[in-house]
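S.K.: Here is a sequence with its predicted model. Questions after.
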Amino acid sequence: MKKSAIVMLAIFCAGAFFTSCNSCNEKHDSGDETASSESVDPKFEMLPPIASDVFIQKAEGDAGFVLVTAKFPPNAVKSAFLAVNVGDEKVVLRDDGKGGDLKKGDLEFTAKVKDDSQELEASFLESNKRLKQPLLEFEGRAVVGMLKDRRPLDIESFRAGKKIKLPPFVLPGAPELKDHSLMVTNLGVVEDPTRTWNSCTKTGNVDGAWTFKTLMKNLASTTPGALVDDVALSDFTENWLLNWATTKVVNGETVAARTNMNTVLATWRTASQSATLPLPHVPAGKLDMRAAPFRLLAIVNRLDLRGNSGYGFSNAGEGRFVFCMMNNCAAREFNIIFEYGIPKKSCAAVKAYARQWYDLKDMAIGSEPYNLALQAITDQFTKCGTSPSKPNQSSLNQLRTNEIAMGSPWQLREFTLDAATHQFNEVTVQQEPAVIYNAKLNNADVQRLVRYINANAADILATRHEVPLAFEATPFRGGKSHTQAPPAGTPSGTSPHHWNGMGSATPASFITDDNVRQNFSLNTCSGCHGGETQTSFTMIDPKPFGVEATMAGFLTGTPGRTLAGTPIDLDGPNGIMFVPDPAGRPSADSRRKFADLQRRANDLETLVNTNCAGVRVLVERLRFKPLHMTH
């Protein structure tokens with residue numbers, strides 16, 4: 001992006017401002033206590049009402065004010081008022097026929113906003129220049145075509161006091177954002193000898209900021225000023241890994257032992273006493289982190305998982321570290337993903353944090369200035385004490401694993417820190433029903449799954465659903481995620497792996513809407529890591545030291561590895577992964593096209609080029625739909 005464009009947008013966003021909702025309502029509609037006391041609804045942070053259209057118009061006879069009108073679908077807003085945070089102010093849009101709203105109950109909500117028309121016009125001119133740049137349109141995670149409704153803004157009509165429609169404000173993300181600022185796999189970063197450790201060559205810095213040891217040490221500690229010692233760290237790590245060694249029951253689902261983990265631990269203990277490790281060793285039987293059989297694959301920015309800050313600041317997205325397990329210096333099919341919440345609680349803080357990621361694109365990746373800047377970002381969420389109100393004062397949301405190395409089939413598990421024990425606790429896998437519900441048989445379990453999907457079809461299609469712990473008074477969410485082979489290849493009706501009931505010949509076990517079936521399956525971990533995206537189990541592939549990690553086509557838009565089945569891209573090498581429906585069911589829409597890193601790049605570009613005040617920001621709040629997805 002040119003500096004002039006950034007400056008222009010910054011001037012607009014900084015100069016435009018809202019009056020507080022109270023003072024605005026008191027000035028323009030005195031005595032209306034309902035509107036002035038309306039509060040923001042925090043449940044909208046992840047499930048906000050989404051405006052179908054947004055219009056602006058100069059307020060007649062009220063110089064310096066602009067009417068912002070948002071049109072909503074039926075039942076999206078239950079009240080006559082919708083309060084939205086914009087920076088430090090609260091703006092109330094109303095559908096009561098007052099305060100600039102034309103008609104009561106017409107689902108068009110209006111706010112009278114103080115703004116500078118000249119600065120708005122300057123921003124319109126800048127926006128019109130950007131309309132010439134090609135831009136993919138996404139719905140959720142799927143590519144649905146080129147962005148529509150990118151007509152130039154009608155500046156003359158706005159000047160004349162006419163009502164004009166604002167198209168979505170989305171900017172195309174620069175290509176370098178993908179590997180510099182979103183998915184960092186460069187060897188100069190993930191094998192930086194100052195910040196990482198090579199357990200094969202025993203080189204690097206085992207206490208570096210990005211090592212398995214440092215991340216686990218910060219998780220195991222409960223006070224930032226008194227981090228655990230190596231023995232306590234060994235116990236914490238072993239307690240976590242022993243979850244594989246015994247059979248567990250998680251939310252009613254049996255999670256069978258995978259006793260190959262005992263061999264991993266035994267080998268690690270032996271290596272911890274090896275003469276190849278410089279003294280001193282940990283006590284016999286303990287795990288020396290210099291022998292930890294893990295290799296850093298990627299550092300990942302997931303700001304795109306943030307909530308709608310117009311309604312709250314509890315979710316600013318995630319930052320992630322992805323490791324794979326090693327065996328005799330060979331990469332094993334066992335990925336470990338540390339998923340941290342971002343402890344930012346204001347619009348300004350989130351924007352500043354996003355800018356730090358964004359600015360990495362202008363640095364030489366893997367250079368010391370780049371790595372130093374990246375560590376300044378990651379320290380904000382990896383260190384103990386970054387989230388004092390969470391267990392162990394850690395910002396970790398969850399730790400997940402995806403593996404077949406310990407047993408078959410591919411299995412994904414999820415762990416959270418327990419506030420009482422300060423250890424990892426194995427929990428249900430978000431958005432994944434128990435495996436019994438995907439038998440693809442006409443039985444009671446599959447019928448229960450189908451009843452849930454059919455009853456919640458509208459929410460599933462809009463990705464507003466959350467797979468419950470129980471459904472119909474029966475445990476429903478799974479204690480683990482199973483992805484059966486093959487995960488890719490030509491659809492047969494039962495493979496590649498996906499979630500489904502049975503065919504239309506058995507109505508009680510038939511998911512009635514093809515697109516609802518697809519969206520439900522895509523949102524499960526096993527479906528997303530399988531047939532719904534033609535992904536060979538891992539989004540970031542295990543690789544040995546010295547080899548940069550490769551990625552799935554879901555991320556890159558180009559088919560990934562052929563570990564089990566050949567990924568199919570229906571429209572060839574165009575930077576978009578277009579996969580066939582794994583269930584073999586035709587579809588009226590095109591939600592099977594993916595290029596997720598480009599979606600994330602567009603999101604980051606747009607985020608850093610808006611500010612925390614102004615009409616444009618309010619419009620973004622009214623249109624921003626959180627992903628409500630975990631992978």
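M.R.: That came through fine. All figures in this text were calculated on a predicted structure; none of them were measured in a lab.
S.K.: Hmm, K112 is touching K98, no?
M.R.: No - the criterion here is Cβ atoms under 8 Å, and K112 misses it with K98 at 10.2 Å. C-beta coordinates here come from the backbone N, C-alpha and C atoms, glycine included.
S.K.: The two: which is more packed in?
M.R.: K112 (25 against 17; other Cβ atoms under 10 Å).
S.K.: is it fair to say the more buried one lies in a strand?
M.R.: Yes - K112: assigned to a strand according to DSSP: H, G, I helix; E, B strand; the rest coil.
S.K.: Tell me how many other residues crowd the closest residue to it other than its chain neighbours.
M.R.: The shortest distance from K112 to any non-neighbouring residue, by Cβ to Cβ, 6 or more residues apart in numbering, is to G100 (4.4 Å). Neighbour count of G100, defined by other Cβ under 10 Å: 23.
S.K.: would G100 count as being in a strand?
M.R.: No - going by three-state DSSP, the assignment for G100 is coil, not a strand.
S.K.: Can you name the residues that contact it?
M.R.: Neighbouring residues of G100 by Cβ atoms under 8 Å, 6 or more residues apart in numbering: H28, A59, L67, R94, T110, A111, K112.
S.K.: Can I have the buried ones of those as a ChimeraX selection?
M.R.: A single ChimeraX command selects the buried members of the contacts of G100 (16 or more other Cβ atoms under 10 Å):
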select :28,59,67,94,110,111,112
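S.K.: now, the most widely separated pair of the contacts of G100?
M.R.: Spanning the widest gap among the contacts of G100 are A59 and R94, at 13.9 Å by Cβ to Cβ.
S.K.: so how far is the longest strand that the chain contains from its chain's centroid?
M.R.: Taking DSSP state E as the assignment, the strand of the chain that covers the most residues is strand 330-341. Averaging C-alpha coordinates over strand 330-341 and over its chain gives two centres that are 17 Å apart (Cα atoms, centre = their mean, to the nearest Å).
S.K.: Given it, what are its sheet partners and their directions?
M.R.: Paired with strand 330-341 in the same sheet, following DSSP bridges, are strand 318-327 (antiparallel), strand 396-403 (antiparallel).
S.K.: Which one of the ones you listed lies nearest to M551?
M.R.: strand 318-327 (10.5 Å).
S.K.: buried set for the closest one?
M.R.: Buried residues in strand 318-327, counting neighbours by 16+ other Cβ under 10 Å, are found at E318, G319, R320, F321, V322, F323, C324, M325, M326.
S.K.: mind listing what the second one touches?
M.R.: In this structure, G319 makes contact with I299, V300, N301, R302, Y340, I342, I377, T378, F381, T382, judged by Cβ under 8 Å, 6+ apart.
S.K.: first vs last residue of stretch 432-450, how far apart are they?
M.R.: From its first residue to its last, stretch 432-450 covers 14 Å (Cα to Cα, to the nearest Å).
S.K.: which other residues reach that stretch?
M.R.: 251-253, 412, 452, 467, 471-472, 474-482, 494, 499-502, 506, 508-511, 524-526.
S.K.: again, but for stretch 553-560
M.R.: Stretch 553-560 is contacted from outside by 183, 528, 533-536, 539, 541, 550-552, 566-569, 573-577, 579, 594-598, using Cβ under 8 Å, 6+ apart.
S.K.: What of stretch 284-294?
M.R.: The contact list for stretch 284-294, computed with Cβ under 8 Å, 6+ apart, reads 197, 199, 202, 206, 211-213, 216, 230-231, 233-235, 237-238, 264-265, 267-269, 271-274, 277, 281-282, 323-327, 336.
S.K.: Swap in 6 Å and give it another go.
M.R.: 199, 206, 212-213, 231, 234, 237, 268-269, 271-272, 277, 282, 323, 325-326 (Cβ atoms under 6 Å, 6 or more residues apart in numbering).
S.K.: and the least confident of those residues?
M.R.: Among the contacts of stretch 284-294, L277 carries the lowest pLDDT, at 93.
S.K.: and that one, how far is that from M577?
M.R.: Distance of L277 to M577, given as Cβ to Cβ, to the nearest Å: 44 Å.
S.K.: the more surrounded of these two?
M.R.: Ranked by neighbour count (other Cβ under 10 Å), L277 and M577 place M577 first, with 28 against 16.
S.K.: Now the phi/psi pair for that one, please.
M.R.: phi -90, psi 110 (degrees, to the nearest 10).
S.K.: neighbours around the closest residue to it other than its chain neighbours, how many?
M.R.: In space, and not counting its chain neighbours, M577 is closest to G553: 3.8 Å by Cβ to Cβ, 6+ apart. Look at G553: counted by other Cβ under 10 Å, it has 26 neighbours.
S.K.: Distance check, G553 against E532.
M.R.: Computed as Cβ to Cβ, the G553 to E532 distance reads 12 Å.
S.K.: ditto for T214
M.R.: 35 Å.
S.K.: P409 too?
M.R.: Shown here: P409 relative to E532, a distance of 17 Å by Cβ to Cβ.
S.K.: Look at these two and report which has more neighbours.
M.R.: It is E532, of P409 and E532, that has more neighbours when counted by other Cβ under 10 Å, with 30 against 13.
S.K.: how far away is the more buried one from T463?
M.R.: 13 Å.
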